[in-house]
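sequence first, predicted coordinates after that:
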Protein chains: 4
Amino acid sequence: MPGNTFGQLFQVTTAGESHGGALTAIIDGCPPGLELMAKDIQVELDRRRPGQSDITSQRQEEDKIEIMSGVMEGKTTGTPILLIARNKDARAEDYDHLKNLYRPGHADATYQAKYGIREWRGGGRASARETLARVAAGVVAQKYLREKFGVEIISYVEQIGDIKADLDYRKVTKKEVESNTVRCPDKQAAKEMVKLIKEVQAEGDSLGGIIRGVLRKIPTGLGEPVFDKLPADLAKAMMSIGATKGFEFGSGFAAAEMRGSKHNDVFCASDTLPAGRQGCKIKTCTNHAGGTLGGISTGEDIHFRVAFKPVATISKEQETVDKEGKKVKLAATGRHDPCVLPRAVPIVDGMAALVLMDHYLRHKAQNL
Amino acid sequence: MPGNTFGQLFQVTTAGESHGGALTAIIDGCPPGLELMAKDIQVELDRRRPGQSDITSQRQEEDKIEIMSGVMEGKTTGTPILLIARNKDARAEDYDHLKNLYRPGHADATYQAKYGIREWRGGGRASARETLARVAAGVVAQKYLREKFGVEIISYVEQIGDIKADLDYRKVTKKEVESNTVRCPDKQAAKEMVKLIKEVQAEGDSLGGIIRGVLRKIPTGLGEPVFDKLPADLAKAMMSIGATKGFEFGSGFAAAEMRGSKHNDVFCASDTLPAGRQGCKIKTCTNHAGGTLGGISTGEDIHFRVAFKPVATISKEQETVDKEGKKVKLAATGRHDPCVLPRAVPIVDGMAALVLMDHYLRHKAQNL
Amino acid sequence: MPGNTFGQLFQVTTAGESHGGALTAIIDGCPPGLELMAKDIQVELDRRRPGQSDITSQRQEEDKIEIMSGVMEGKTTGTPILLIARNKDARAEDYDHLKNLYRPGHADATYQAKYGIREWRGGGRASARETLARVAAGVVAQKYLREKFGVEIISYVEQIGDIKADLDYRKVTKKEVESNTVRCPDKQAAKEMVKLIKEVQAEGDSLGGIIRGVLRKIPTGLGEPVFDKLPADLAKAMMSIGATKGFEFGSGFAAAEMRGSKHNDVFCASDTLPAGRQGCKIKTCTNHAGGTLGGISTGEDIHFRVAFKPVATISKEQETVDKEGKKVKLAATGRHDPCVLPRAVPIVDGMAALVLMDHYLRHKAQNL
Amino acid sequence: MPGNTFGQLFQVTTAGESHGGALTAIIDGCPPGLELMAKDIQVELDRRRPGQSDITSQRQEEDKIEIMSGVMEGKTTGTPILLIARNKDARAEDYDHLKNLYRPGHADATYQAKYGIREWRGGGRASARETLARVAAGVVAQKYLREKFGVEIISYVEQIGDIKADLDYRKVTKKEVESNTVRCPDKQAAKEMVKLIKEVQAEGDSLGGIIRGVLRKIPTGLGEPVFDKLPADLAKAMMSIGATKGFEFGSGFAAAEMRGSKHNDVFCASDTLPAGRQGCKIKTCTNHAGGTLGGISTGEDIHFRVAFKPVATISKEQETVDKEGKKVKLAATGRHDPCVLPRAVPIVDGMAALVLMDHYLRHKAQNL
């Protein structure tokens, strides 16, 4: 598969560029009978949409989704679901001066090197606009998992620049996440983050940060050893989002300094497994593991962190080169985000849902 | 694919348990004409082998590899290559007392929950012994990439417990890595690491750490947007190795606190692309990106870090539960490693090679 | 992959139902730099379009294709190509009386059994309308192969009912195929076929037949043993078209009665292989093999035959059952084809092209 | 996937050449808890084994299978199952004179052209010996399907040369198939077939024929539209067996001459679907469809026919060319079969089982 398809059984194929005709996803493998309407998807797209607040890009896109196939009378039929959102506010002319330039921190040079041709308008396929399709597809997975198992997928901003939220991941609610524009449930930190974003934007610069993902009420048994461990597929999903630089699962890098006697989560209580599954279902007092053992979900909360680099497009003047390798100066004038994290939260939610959904179907095929 | 196959075009399928008959890999998709002998593979297996030094498990395995197909008169033929290493020193009786126990930090409980049955001897498929097949397959990829492009794949131990090496990743050589048993090229740190490992082992406890991977002389253009970005597939590869808890690419988590004006790597020089590829090949003064932009290799060094948790098996007594959920005490008596990192270095090398090789073939199919 | 994706490296994913919003294909893996315009695709869609002549369904569909992504300034960019054709003349009300019926020879009952829900308007996803997306995607493959290698893909009607064309497959031209509405290059037989179709239509009945596919100027070396042999993938491609019942490659079923000494194609001449490929390129005097040996293309013409059953929808009254299993009478009143073969010719062309293109990229990845 | 893997969820990867170390299959995706012993597999391998009767090749191979992983205490564990059979009677020296020759009807020339190198001993990977691994893997699928659903898979020889059996496929039993060496349940025809085989062998020539496959007690709902229809995947499976030239499903090529009113199978009775599946389960009086509608199983018997060409290796002298294209004479002296069909019966059984099993798991994942 050439790279624009994610998942094996809940298979999502996306297409579309920043300034092309539309962004699209085909979902193949969605179980039949799921209630699905465009407005279900719209809610999440609105969380990702540019222009949603004063700390995001002012590009005006409705990101209006149409369901073109796979759904009849409000229910999925088991056949492929086509989701499409036409581009509206694509100002290709904003990018004319970039036609022969390579922007630092962007994929201009590598697309040119790889393909020998590149769509220079708004980053083409490398634009973050591509993630619209991920969010749209992710909604369908989230809806299924929520209705079937009560799965909760809650990502939130934990750090922007050097401002860190002080939160217990086990207690955060979706409502708290949505209570401010920066999507950080620590209200005090959120205020400081907004302030920092505005300051840095005024300087013509940009910020990075960290998003934490928390997945609750996860069925036991998800994850396929040895290569398709659940943390491995989550890592891939997150690191496939543009601008990500790191992924930690459970204890993460802190595990490097811990002793085994400390890191091992003690099995403090137990539960019964579903009929036909001999043995007990473990519960752990601590959760350094992050919700999996041997790559398979334990049923404990899954939690992970994703690091994002600062946005590459800045209005500060930078040195760069053109296609011939000649040095030139560049200062962005387009409509860019000073910090991508608030809009990246639903992307993390969506990708996590795609991983879980795919693994649920894979587990079901072989074992249930 | 149910989880034991890695890669699409350089496809590696592995089988085998800790105490089964053999460990195996089938490599399908290796280009024909590559010179390959068992001894090429043996060299790397010996780096992963238990019993290789006084800081590793004392299980005595030759890990002798046989090439059973796909090679004729010392050259690959383009047909599947079967690699097999029979288990020799499998003492199943060592595990009798674990038949009904769930070991903390291990996959016993999750395998039971997932499959309703588990191979309890030595962890079965969840054993680190599984990685033998990864290393063996990785050698074939490494050999091809080295002979074709001069690619260098050099992983090394950067941290064990709280002891951190002080190294410039751009300068480390393979010879330095192999100059001590702990595989840390900083000699002073290496000594301290060995000392710490022995101390902690004496306490019946275990250690984690961090391995850095460095990939040099990488062809430009590897990586398939949008989901199969090179860092995404490296993340998956590394996080699929047992005991890993985190992955950083390039600037990693430190990127969260940087400004865009600082993080963007300035294009300080340029080069020509191969014929037919218009545009210049960029070079960057810094390398926060880590060797890719938009998920596609720039030709700069690729560098990343992988966090390992401390080994779950410890001889200190721990609390745990049995299959019925009853509390029991457990103190390991088997032959386990106090710290997995020295032996994990060739695994990181091998997995990195598998990712690169697969992406090279994918890039070639569509673009070269 | 759940079934709506074809190919591995030239990967086509389709979506859409007979009476849904649109028919769509996403092509992922098309090499960059191919000139592609909507009108290139339109030509082939017009060959498949209903209402094109007096022997096809009179449903009025423009089948107007839009290229929504993956193409910039008339050239493919290496990113996914989205093709979309909106349904216009979908008269869902024509199907109201079928909501609770299972039509004989159709997939109504099996979709219901499989998914527990079915799109009953016009057959939903099981409608032949689905093949629009195959033809559209097939054009892109055909164009690439023609421009790169001069590959000619020529399918034609060889038999309808009991009327058989008398033709030498080695000599048929595309112009001859297009010289009559039934797409049979034997003019006399074509006339009789048209006459028969009209007669049978008047009787309220339908016809089947046989299409022959001929692929010329095929690169040597396509086909991946052991499972993905070229004839195997062509067989799958053809048998995945609705209404097909048989596939013969080269000598086909006649081979069963031949002796080895007769069937073996003598190597009557030889040619040189490209540089780096030792050995001679064979040519054969006869071509019972059909253009492959061991599943790999020899460079000789590939030829095969595909059997189609008579159209299941007939206006003659038939007995059938409703969803409750109660017997009912049914006589179709919709706009159906009396014989699908003339419109199926571009579908066979398209599917053959998809197979060849995918195998070319696969061969290139590993061997070229 | 480079071609040596079959199936998506019940995934079989094979390796091994005629004169290499061993033939192997790794089965990944087998549900846990299936009882499996080497002797279960041996039974079927013995049906495929050379030297089993006076009408097969006299190569002496035990074809002794070992289960090296994935099974514990006689039950599958859900982890990959490695099956291996070492080559014993591989007389590489028999093939010395073929090193520089291309045998007519064989893959020598195409392997050379594709890979630039070829394993010339006994056909290497292109040898029919490769099918050993298919049969071995097929047993596991057959066993699962039989125990879970009572599925019966019965293939038999229907024609050899011009001798045709007179049989009702609905009534044939496995016992009848095994009652003679040629595996044709029509006793009279079987005698004539054996006689013909011996005559033709004496002439130094070879024979082709037709095998029919019958699959009974098939669960309803198997098959994934639109590309992975059940008949499409069966066609691929059968046409991937060496020496096959044609595939017919249900009415097959005869459908070309039938009218729709005749071909449509009337729904003559009905049954109830499992709970949660609204609608009735159809039964048909006739079975031209062959057991599927729209590519999805109806629950009726599946039946198909596979045409085999006469064996390419004959002892009669033939003209051919060497690697330089020079004409040479060739008369086979090795141990070859005069007619492959009796030994091909378990291969057809095995491949059919692999298709069914994979589709069962795929159906289960999405729908059950």
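Happy to help now that I have it.

roughly how far apart are the nearest residue to A:Pro225 once chain neighbours are set aside and chain C?
Closest residue in space to A:Pro225, ignoring its immediate chain neighbours: A:Gly295 at 5.1 Å, by Cβ to Cβ, 6 or more residues apart in numbering or on different chains. All C-beta atoms are positioned from the backbone trio N, CA, C, and that covers glycine. Per Cβ to the nearest Cβ, to the nearest Å, A:Gly295 is found 22 Å from chain C.

which residues touch A:Gly295?
A:Gly223, A:Glu224, A:Pro225, A:Val226, A:Asp228, A:Lys229, A:Leu230, A:Pro231, A:Ala232, B:Ala107, B:Ser240, B:Gly242 (Cβ atoms under 8 Å, 6 or more residues apart in numbering or on different chains).

adding neighbour count, write these out as TSV.
Shown next, in TSV, are the contacts of A:Gly295 (neighbours: other Cβ atoms under 10 Å in any protein chain shown):
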residue	neighbour count
A:Gly223	28
A:Glu224	26
A:Pro225	27
A:Val226	27
A:Asp228	24
A:Lys229	27
A:Leu230	29
A:Pro231	30
A:Ala232	28
B:Ala107	28
B:Ser240	24
B:Gly242	24
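
for the helix ranked longest in chain A, packing partners?
If you go by DSSP state H, chain A has its longest helix at helix A:341-367. Judged by 3 or more Cβ pairs under 8 Å, 6 or more residues apart in numbering or on different chains; DSSP states H and E, the packing partners of helix A:341-367 are helix A:38-48, helix A:131-149, strand A:152-160, strand A:209-216, helix A:230-239, strand A:302-308, helix B:108-115, helix D:341-367.

most packed of those?
helix A:230-239 (a mean of 29; mean count of other Cβ atoms under 10 Å in any protein chain shown).

the residue in the stretch 151-300 of chain A that chain B sits nearest to: neighbour count?
Distances between the stretch 151-300 of chain A and chain B by Cβ to the nearest Cβ are smallest at A:Gly294, namely 2.3 Å. Residues contacting A:Gly294 under the criterion other Cβ atoms under 10 Å in any protein chain shown number 27.

could you do A:Gly74 as well?
10.

re earlier: so what pLDDT did the nearest residue to the residue of the stretch 151-300 of chain A closest to chain B once chain neighbours are set aside get?
Residue nearest to A:Gly294 in three dimensions, not counting chain neighbours: B:Ala107, with 2.3 Å by Cβ to Cβ, 6+ apart. Model confidence at B:Ala107, given as pLDDT, is 95.

what angle do strand A:209-216 and the strand or helix carrying A:Gln188 make with each other?
Using DSSP states H and E, A:Gln188 falls within helix A:187-202. Relative orientation of helix A:187-202 versus strand A:209-216 (axes from the mean of the first three to the mean of the last three Cα atoms, to 10 degrees): 140 degrees.

model confidence over helix A:187-202, on average?
Here the average pLDDT along helix A:187-202 is 97.

repeat for stretch A:116-135
Mean predicted lDDT for stretch A:116-135 stands at 93.

again with stretch A:155-163
Mean predicted confidence for stretch A:155-163 is 98.

ok, the closest residue to chain D within the stretch 101-250 of chain A - contacts?
As assessed by Cβ to the nearest Cβ, chain D sits closest to A:Pro225 within the stretch 101-250 of chain A, at 7.4 Å. A:Pro225 is in contact with A:Gly294, A:Gly295, A:Ile296, B:Gly3, B:Asn4, B:Ala107, B:Arg125, B:Ala126, D:Thr79, counting by Cβ under 8 Å, 6+ apart.

which ones among these lie within strands?
A:Ile296 (DSSP state E).

between the contacts of A:Pro225, which sits nearest chain C?
B:Gly3 (15.6 Å).

list the contacts of that closest one.
A:Glu224, A:Pro225, A:Val226, A:Phe227, A:Asp228, A:Arg362, D:Asp28.

tell me the two of those residues that are most distant?
Largest separation among the contacts of B:Gly3 by Cβ to Cβ: A:Val226 and A:Arg362, giving 13.9 Å.

counting neighbours, what do you get for A:Val88?
Wrong residue type there; residue A:88 is Lys, not Val. 12.

wait, is it part of a strand?
No: remark: A:Lys88 does not belong to a strand; assigned using DSSP: H, G, I helix; E, B strand; the rest coil, it is coil.

just the pLDDT for it.
According to the model, A:Lys88 scores 84 on pLDDT.

also A:Leu101?
A:Leu101 is assigned a pLDDT of 89 by the prediction.

who does it form a beta bridge with?
Assessed by DSSP bridges, A:Leu101 has beta-bridge partners A:Asp322.

so it sits against A:Val328, correct?
Yes: in this structure A:Leu101 lies within contact range of A:Val328 using Cβ atoms under 8 Å: 6.4 Å.

of these two, who's got more company?
The residue with more neighbours, out of A:Leu101 and A:Val328, is A:Leu101; 19 against 14, by other Cβ under 10 Å.

tell me the confidence at A:Ser297?
pLDDT at A:Ser297 comes out at 98.

quick one: contacts for the closest residue to it other than its chain neighbours?
Excluding the flanking residues, the one nearest A:Ser297 by Cβ to Cβ, 6+ apart is A:Leu222, at 4.2 Å. Contacts for A:Leu222 (Cβ under 8 Å, 6+ apart) come out as A:Leu230, A:Ile296, A:Ser297, A:Leu356, A:His359, A:Tyr360, A:His363.

repeat that for A:Lys187.
A:Ser179, A:Asn180.

apply 7 Å and report the result again.
Residues in contact with A:Lys187 (Cβ atoms under 7 Å, 6 or more residues apart in numbering or on different chains) are A:Asn180.

over to A:Phe227?
Counting by Cβ under 7 Å, 6+ apart, A:Phe227 makes contact with B:Gly3, B:Asn4, B:Thr5, B:Phe6, B:Ser240.

could I get the pLDDT score of the closest residue to A:Glu224 other than its chain neighbours?
Nearest residue to A:Glu224 in three dimensions, chain neighbours excluded: B:Gly3, at 2.9 Å (Cβ to Cβ, 6+ apart). For B:Gly3, the pLDDT comes out at 97.

can you tell me how far B:Gly3 is from B:Thr284?
In this view, B:Gly3 and B:Thr284 are 37 Å apart by Cβ to Cβ, to the nearest Å.

stretch A:241-251 vs chain C: in contact?
No: if you take Cβ under 7 Å from any Cβ of the partner chain as the test, stretch A:241-251 misses chain C, and the best it gets is 14.1 Å.

quick one: end-to-end length of that stretch, please.
End-to-end distance for stretch A:241-251, by Cα to Cα, to the nearest Å: 22 Å.

and that stretch, does that touch chain B?
Yes: using Cβ under 7 Å from any Cβ, we find that stretch A:241-251 touches chain B at A:Lys245, A:Gly246, A:Phe247, A:Glu248, A:Phe249, A:Gly250, A:Ser251.

so the fifth one touches A:Phe304, yeah?
Going back to what we said before, that points to A:Phe249. Yes: between A:Phe249 and A:Phe304 there is a contact under Cβ atoms under 7 Å: 4.8 Å.

what is in contact with those two at once?
Common neighbours of A:Phe249 and A:Phe304 (Cβ under 7 Å, 6+ apart) are A:Leu234, A:Gly290.

what about the nearest residue to A:Asp46 once chain neighbours are set aside, how many neighbours?
Nearest non-adjacent residue to A:Asp46, counting by Cβ to Cβ, 6+ apart: A:Gln52, 6.7 Å away. A:Gln52: 15 surrounding residues under other Cβ under 10 Å.

do you know how far A:Gln52 is from A:Pro346?
Distance from A:Gln52 to A:Pro346, by Cβ to Cβ: 11 Å.

hmm, back to that, can you pick out the most distant pair from the contacts of A:Pro225?
B:Asn4 and B:Ala107 (14.8 Å).

show me the contacts for A:Leu293.
B:His106, B:Ala107, B:Ala109, B:Thr110.

which ones are touching the second one?
Each residue near B:Ala107 by Cβ under 7 Å, 6+ apart is listed here: A:Leu293, A:Gly294, A:Ile296, B:Gly123, B:Ala126.

also the third one?
By Cβ under 7 Å, 6+ apart, the residues touching B:Ala109 are A:Ile282, A:Leu293, A:Thr298, B:Tyr102.
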